[in-house]
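J.: Predicted structure and sequence below. I'll ask about it afterward.
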Protein chains: 2
Amino acid sequence: MKLYETLADEIEASIRQGLLRPGEKLPSVRYTSSSRAVSASTVFQAYYLLESRGLVRGRERSGYFVTSAAGLAAPEPPQASAPTEHPISVDVSDMIFKLLEESRAPDAVGLASAFPSAFLYPLPRLAKAIAGTANWMGPKRVLEDLSPGNGRLRRQISLRYGADGMAISDQEILVTNGALEALNLCLSAVTQPGDSVIVESPTFYGALQALQARGLRAVQVATDPRTGVDLHALERAIRQHAPSACWLMTNFQNPLGSLMSPADKKALVALLARYELPLIEDDVYADLFFGANRPPPAKSFDNAGLVMHCSSFAKSLAPGFRIGWVAPGRFMSRVTRNKLAFNLNTSIPPQLAIASYMEHGAFDKHLRKLRLTLSTQQAVLADAVARHFPAGTRATRPQGGYLLWVELPPEFDALQLYQDAKPLGICVAPGTLFSPEGRFRNCLRLNYGHPFGKRGEAAMASLGQLLRQQRSAA
Amino acid sequence: MKLYETLADEIEASIRQGLLRPGEKLPSVRYTSSSRAVSASTVFQAYYLLESRGLVRGRERSGYFVTSAAGLAAPEPPQASAPTEHPISVDVSDMIFKLLEESRAPDAVGLASAFPSAFLYPLPRLAKAIAGTANWMGPKRVLEDLSPGNGRLRRQISLRYGADGMAISDQEILVTNGALEALNLCLSAVTQPGDSVIVESPTFYGALQALQARGLRAVQVATDPRTGVDLHALERAIRQHAPSACWLMTNFQNPLGSLMSPADKKALVALLARYELPLIEDDVYADLFFGANRPPPAKSFDNAGLVMHCSSFAKSLAPGFRIGWVAPGRFMSRVTRNKLAFNLNTSIPPQLAIASYMEHGAFDKHLRKLRLTLSTQQAVLADAVARHFPAGTRATRPQGGYLLWVELPPEFDALQLYQDAKPLGICVAPGTLFSPEGRFRNCLRLNYGHPFGKRGEAAMASLGQLLRQQRSAA
C-alpha cells in the first residue's frame, strides 16, 4: 500500500467514526503535510483518492470538504411510485396555501421551504446591476420591452442555451414573471377546462394548483426517484386517456429530485411527437447540477416544436426578481397572447439588471459556488436523516437541486409529524402535498438549501424523536 | 367695460380667429403689460377672466396656455350607446393583438396607443429610486415580500387612499404585476367558465380579452359618454341574465372617458349589494383628473366588501414597472390565492423603488404637471378633430385621462380609415375594437397623451383627407 493510500484510509476512518462530519473542512494540505511529515503531493494524492471515493469534494480556493456520511448507513432510495391510473379531479389548494403561509415564517433551517436560502444569492451585486441600468431605463424602452420582453435579456438567455449546445434564438423566448407564470401560460395555451394532463407522481404542487385553477384533471404516471417518469406507463396513459398535454420536470424533479437520462428524454420527445402531444417542461433546477455538465432538457431533442421549455432565474440567480421565461416552440404566438392578455408584460428594470449581470460574466462563477454549497449541504442533511430517522427510512440523493425526498416506513405518518413539529417551530413539507389523492402519507420533502449547523441538527433530532413517539403510540 | 375686460375680449377674439391656437402660450404678463401700456395687475385680471371662461389655463411657473378651441365649432359629445341586451360570446382577440403589435412601432403622434408618452414620466428619478434600494434588497426581503407584497409599498398605497378619504388598510391590498393582472385575478375569483359578466358599451378591450380567455359571456350595458353606465339598464341586465360580476370603469372609462357622478357610484354600489354582485372596478385613470379633486371610486361607497378595486402606477407614475394592486374586499383570500398559484409574487425591486419614490413626496408634484399637460393636449386634439374631421363628427371631452372617443357620422367607416391610414404611418384605434360584435364602426379612439406638434397636425389633416375620400367614393 502506498503512503497516500494509507493516509486516505486513515482519513476515511475518521469520517466513518464521525470524527470528521459532512460539511466540515479537511485540514489544509500544508498543515497535513507538516503534521504527518509527508510531502504535499502525497497529501494531494490522498485527498484526490478520497474525492474519487465520494467522501470529500474540493472547492476552488477553499480546500476539501467532507461530503458523504460514509460512516453511517446511507438511506436507500425509495421505490418508483405506483399511482392511480385514471384521471383525477384536483382539489388540493387549501393545504398548499396553508403550508406556503406557514413556511413564510423566518426559519434558519428552512426544511419545508420551496426556496434555498436567499443568502446564497448575489443580491447586493444584482441591486447594483439595477442601479447601473438607470441610464438605459429610458422612455423608449417601455414600448420596446413590451412582451416578449427585453432584447438584451432574451439574447443572454439564448446565448446560455447555445453554450449548452441548444439552438434557441432570442426570437423564440418570452420573458415572464417567474417560471410559474410561464407554466400557467403554457397550460392555458394547450388545454381547455375538463381536459386531462399527464403529471409525474408525486407531483410538484404548483402543477396541481394550476390544474385545479383551470378545471383540468391529473393523469399521474409512475415515476422513479432516480430516473424519472416511466415511459411505458406514460404511453399507456396517453392511449387510455387522450390527454391534452404533459407537464414534467425532466431535471431534478420537485419533490423527487429524479433526473431523466438523455436517452430517456430523447425517447420521451419521440413518443410525444408520435401522439402530437405538447410537453410543458418545467426546468427550473437544471443549473443546480452537481455533475460535470448541465443535464440537457427534453427541449434539446425536440424538432417538432412541441416542447414548451420553462425556466427562471429565481433559483439560480435572483430570488425575488421574478424573472422567468419560456421557449414555447410552435406555441409562441398563443403563449405570447396569453401573456399580453393576462398582464401585458414583465417588469422592465429587473430584466435589465439580470441582462447586465449576465453580460458581465459573473453568472457562472456564482453558479459554481452555489452548486458546491448545495451538494455539500445535501450530504449533511442525508447524514442527519440516516442518524435521526427510523431504520428502514429511504431517501433520495439527487444529483442536483436542493430537495430531498424521504420515505418513512409505511407505518409512519408524515402529516402527523408535520402537525406535531409545528409547535416546536419546525416545518416540514408532508408528502400528501404532492398528490391529488392524499398519497405519500409516509413521505416528506426536506430542503437542504439553507445553512444547517446546530439548529438543523437539533431540528432533525426533534423530528426523529417525534417519529419514535409515533411508533410507541401505535 | 373695465380695462381688463376689454383686454380679455381682445385676446379671446385672437383665440377665436385661430391667431392663438390651443397649446400655445400667451405672451408673458410683463410683455403684455409693456406692449399694451397697462398695469401688470390688469393683465393678470384679464388672464384670470380668460381662465374663468375656460379659454386658457395657468401652469405653475410656466405662464398661461390656450386650452380651448373656442373659435371653432367644438364637437358635440356622442349619444349614449344602445347595445344588444343579451349575453354575447366573446371572440375578439385577433384584431386586438394585431393592433397592439402595430401600435408598438415608434410613433411620435401615438394616436392609437393605449399609453401616454413615456416622456411624461419621471423615469430617471425612478431608476435612481431603484438604485437607492440596493441597501434594503436583502435576503430576508425575498420571504417578507411574497404576495400580498412589500409592506412599505402597501402602506403608501393605503396612505393615498386615506388622503382621498378612503379607509383601506395596507392589509387589504395585494400588489400585482400591473392592473390588468389584478383585474384578471379578480375575474377568476368570482366567475366560472360559461358565466355572464356585465360590461360597459363600448368596452375596454382588455376586459373582452379577459372574458374570452376565461370562456365568459359579455352582457353589455348602455353607457353615456359623459356620465357612464346607465343604472336602469344595469339593473335590467342583472335581473334578466343573473351575471356573476360587473366589470366597470367608473372614472374616465376607456374608451369613452365617461365619469360617473358620486351619487351614481353610490347608487351603483347599493344596487350591486342588493343582488350580492361583485364589482370589479378598473380605476387606472383616476389620478389623471383635470378637476379639483380625485373623483372617488365606487369602492369608497362600499360597506359590503363587494367592490374589488384595481389600479396601478403604470399610467400615473411608472410605465414599464408593471406595479399595480387590488383592494379586493371580501375576496382578498381568494384573489391572493389566485396570485400565488399564477405567478407567486410581484417583482420586488420595482415595488421598493415606487415605495421609496412615494415616501419622498415627489408623486403629487409629478401628477400636477402630468394633469396639466394632458388637459392642454386634450384641447389641442379636440381642436384638430373639429377642424379636420367631417361636419357632424362628435367627440367626447373627458374630465381626465388621455383618451378621446370620436363618433363620425354613420356613413363613415373607421375600420376602413384604420386600413387606409396604415400605409401613411398613422395608426388609429377603430371603434370595433371595443365591441364583441364589431359595433362602433363609425367610431375611433384617439390618444392625446403624446406631444402633438406639427406631426400630429399633419396626421390629423391626413385622416381628414382620407375621410373626405371615403365620402366621395360612396
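T.: Happy to help now that I have it. Not measured: the values here are computed from a predicted model. Numbers count the residues shown, from 1 in each chain, chains lettered A, B, ... in the order given.

J.: Return the list of helices and strands in contact with the helix or strand containing A:L444.
T.: A:L444 belongs to strand A:443-447 when assigned by DSSP states H and E. Packing partners of strand A:443-447 (3 or more Cβ pairs under 8 Å, 6 or more residues apart in numbering or on different chains; DSSP states H and E): strand A:403-407, helix A:414-421, strand A:429-430. (Glycine included, C-beta is placed from N, CA and C.)

J.: Stretch A:323-330 near chain B anywhere?
T.: Yes: using Cβ under 8 Å from any Cβ of the partner chain, stretch A:323-330 reaches chain B at A:I323.

J.: can you check stretch A:182-196 too?
T.: Yes: using Cβ under 8 Å from any Cβ, stretch A:182-196 comes into contact with chain B via A:N184, A:S188, A:P193.

J.: And these, which of them are buried?
T.: The neighbour count (16 or more other Cβ atoms under 10 Å in any protein chain shown) marks A:N184, A:S188 as buried among those.

J.: Now do the helix or strand just after the strand holding A:L444: everything it contacts.
T.: Counting by DSSP H and E, the element after strand A:443-447 in chain order, helix or strand, is helix A:453-473. Contacts to helix A:453-473, defined as Cβ atoms under 8 Å, 6 or more residues apart in numbering or on different chains, come from residues A:108-109, A:111, A:380-381, A:384-385, A:387-390, A:408, A:411-413, A:416-417, A:420-421, A:424, A:426, A:428, A:450.

J.: Could you check how far A:L187 is from A:V29?
T.: Counting by Cβ to Cβ, to the nearest Å, the gap from A:L187 to A:V29 is 53 Å.

J.: Just want to know which of those two has more residues nearby.
T.: Taking neighbours as other Cβ atoms under 10 Å in any protein chain shown, A:L187 and A:V29 compare with A:L187 leading, 25 against 18.

J.: pretty sure the more buried one is in a strand, no?
T.: No: A:L187 is assigned helix when assessed by DSSP: H, G, I helix; E, B strand; the rest coil, not a strand.

J.: Low-confidence stretches in the stretch 151-300 of chain A?
T.: Within the stretch 151-300 of chain A, no stretch has pLDDT under 70.

J.: can you map out the helices along it?
T.: A:151-163, A:179-190, A:205-213, A:231-241, A:262-274 (DSSP state H, counting those that start in this stretch).

J.: if you compare these, which one is most tucked away?
T.: Across these, averaging neighbours per residue (mean count of other Cβ atoms under 10 Å in any protein chain shown) puts helix A:179-190 on top, at a mean of 26.

J.: what angle sits between it and helix A:205-213?
T.: Using axes from the mean of the first three to the mean of the last three Cα atoms, to 10 degrees, the direction of helix A:179-190 lies 40 degrees away from that of helix A:205-213.

J.: Considering only the stretch 351-474 of chain A, name the residue that lies closest to chain B.
T.: A:A353 (7.2 Å; Cβ to the nearest Cβ).

J.: partners of the strand holding A:L444, with directions?
T.: Applying DSSP bridges, strand A:443-447 is found paired with strand A:403-407 (antiparallel), strand A:429-430 (antiparallel).

J.: Give me the domain ranges for chain A.
T.: For chain A, the structural domains run A:3-66, A:123-359, A:365-473, going by automatic domain parsing.

J.: Distance from the chain centre to the second one, please.
T.: Put plainly, it is domain A:123-359. Distance of domain A:123-359 from the chain centroid (Cα atoms, centre = their mean, to the nearest Å) equals 13 Å.

J.: Over to the first one?
T.: Averaging C-alpha coordinates over domain A:3-66 and over its chain gives two centres that are 30 Å apart (Cα atoms, centre = their mean).

J.: just to revisit the earlier point, may I see the strands paired with strand A:443-447 arranged in JSON lines, with mean neighbour count as well?
T.: Converted to JSON lines, the strands paired with strand A:443-447 look like this (neighbours: other Cβ atoms under 10 Å in any protein chain shown):
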{"stretch": "strand A:403-407", "mean neighbour count": "25"}
{"stretch": "strand A:429-430", "mean neighbour count": "24"}
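
J.: quick one: average confidence on stretch A:302-318?
T.: Across stretch A:302-318, the average pLDDT comes to 96.

J.: what distance separates the start and the end of that stretch?
T.: 28 Å (Cα to Cα, to the nearest Å).

J.: same question, stretch A:251-265
T.: End-to-end distance of stretch A:251-265 (Cα to Cα): 10 Å.
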